[in-house]
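Novice: Generate a structure from the sequence data that follows.
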Amino acid sequence: MSALVLGGGIPVAATIGALVAATIVYGLGWRGGVQSHRLILVGIGVSATLDAVTSYLLVRAKITQATAASQWLVGSLSSTSWTTVWPLLVIAAVGVPIALATSAALGIGQLGDEVATGVGLGVQRHRLLVIGLAVVLTAAAVAAAGPVGFVAFVVPQIAVRLAGTNRPPLLLSAALGAVLVLGADLLARSAFPWQVPVGIVTTVIGAPYLIWLLIRHRKEMSR
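Specialist: Here you go, the predicted structure:
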């Protein structure tokens, strides 16, 4: 039973929880359609609520459980094994090809719902499929290594600049994300005499880069 929980139970529970949270965000953000600013605000509210629930569970947990959970919550590869990696590989083997197939229509969706509908794209159906795929793939990764910070913010921006495209290419973004996480984990293991979770290193690297991007974008907009 414990092997089932550690192997398949955590990824399944993470996927179900992520889909439920995404459904709540999408449902609360729907007002005859979905607008990005409303979706972001609702997402922030739901995230804050779930963070409060997590904090409550940490307070109520035993000290050993709370310590292990706290390390996982900042993102760590220290306890990762093939038992936790296999579910991620299975989900990726199914989800990544579907994500690549559906990504071609993302450019059409950027033209607006009316234009996309006019050229025959089922906007809402496609949007729900993309969101569902993103949620499932993210939940699988988080179940294996925890929420490694700033990778999703930094890597797509680097991929766009390397590829010279108007949106991040999926395979290049995935490869760069893997390189960043593995490089940060190698740095955490070799540069410090004590154990440092990889999420702390990626945050230290990613936060200044994201701030630099925001400053640069502001300067470009003011020209």
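
Novice: ok, now which ones touch Ser55?
Specialist: Contact partners of Ser55, counting by C-beta atoms under 8 Å, 6 or more residues apart in numbering, are absent. Heads up, the C-betas are built off the backbone N, CA and C, glycines and all.

Novice: Tell me which residue is most central in the protein.
Specialist: Residue closest to the average C-alpha location in the chain (C-alpha atoms, centre = their mean): Thr138, at 4.6 Å.

Novice: same question for stretch 45-54, mean pLDDT?
Specialist: What stretch 45-54 shows for mean pLDDT is 91.

Novice: buried stuff in that stretch?
Specialist: For stretch 45-54, a neighbour-count test (16 or more other C-beta atoms under 10 Å) marks Val46 as buried.

Novice: thinking again about what came up before, relative to Tyr56, how far out is the residue nearest to the centre of the chain?
Specialist: Using C-beta to C-beta, to the nearest Å, we find Thr138 at a distance of 24 Å from Tyr56.

Novice: Out of the helices and strands in this structure, which is least certain?
Specialist: Sorted by mean pLDDT, DSSP states H and E, the helices and strands of the chain end with helix 2-4, the least confident at a mean of 41.

Novice: What are the buried residues along the next helix or strand after it?
Specialist: Sequence order places helix 10-29 as the next helix or strand after helix 2-4, per DSSP states H and E. For helix 10-29, a neighbour-count test (16+ other C-beta under 10 Å) marks Ile10, Pro11, Val12, Ala14, Thr15, Ala18, Ala21, Ala22, Ile24, Val25, Tyr26, Gly29 as buried.

Novice: same deal with stretch 103-122?
Specialist: So for stretch 103-122, counting by 16+ other C-beta under 10 Å, buried means Ser103, Ala105, Ile108, Ala116, Leu121.

Novice: Distance from it to the middle of the chain?
Specialist: 24 Å (C-alpha atoms, centre = their mean, to the nearest Å).

Novice: Stretch 182-195 now?
Specialist: On C-alpha atoms, centre = their mean, the centre of stretch 182-195 falls 22 Å from that of its chain.

Novice: Name the residues that touch it?
Specialist: By C-beta under 8 Å, 6+ apart, the surrounding residues in contact with stretch 182-195 are Leu77, Ser78, Val196, Pro197, Val198, Ile200, Val201, Thr202, Ile205.

Novice: Where does pLDDT dip in the chain?
Specialist: The model of the chain has pLDDT under 70 over residues 1-9, 109, 111, 113, 223.

Novice: Mind jotting down where the strands sit in it?
Specialist: Counting by DSSP state E, the chain forms no strands at all.

Novice: What ranges does it have for its helices?
Specialist: 2-4, 10-29, 36-60, 63-73, 82-103, 106-109, 113-118, 123-145, 151-163, 170-191, 198-222 (DSSP state H).

Novice: List the buried residues in the last one.
Specialist: Meaning helix 198-222. So for helix 198-222, counting by 16+ other C-beta under 10 Å, buried means Val198, Gly199, Ile200, Val201, Thr202, Thr203, Ile205, Gly206.

Novice: Next, the angle helix 63-73 makes with it.
Specialist: With axes from the mean of the first three to the mean of the last three C-alpha atoms, to 10 degrees as the basis, helix 198-222 and helix 63-73 are set at 40 degrees to each other.

Novice: Which strands or helices does helix 198-222 pack on?
Specialist: Judged by 3 or more C-beta pairs under 8 Å, 6 or more residues apart in numbering; DSSP states H and E, helix 198-222 is in contact with helix 151-163, helix 170-191.
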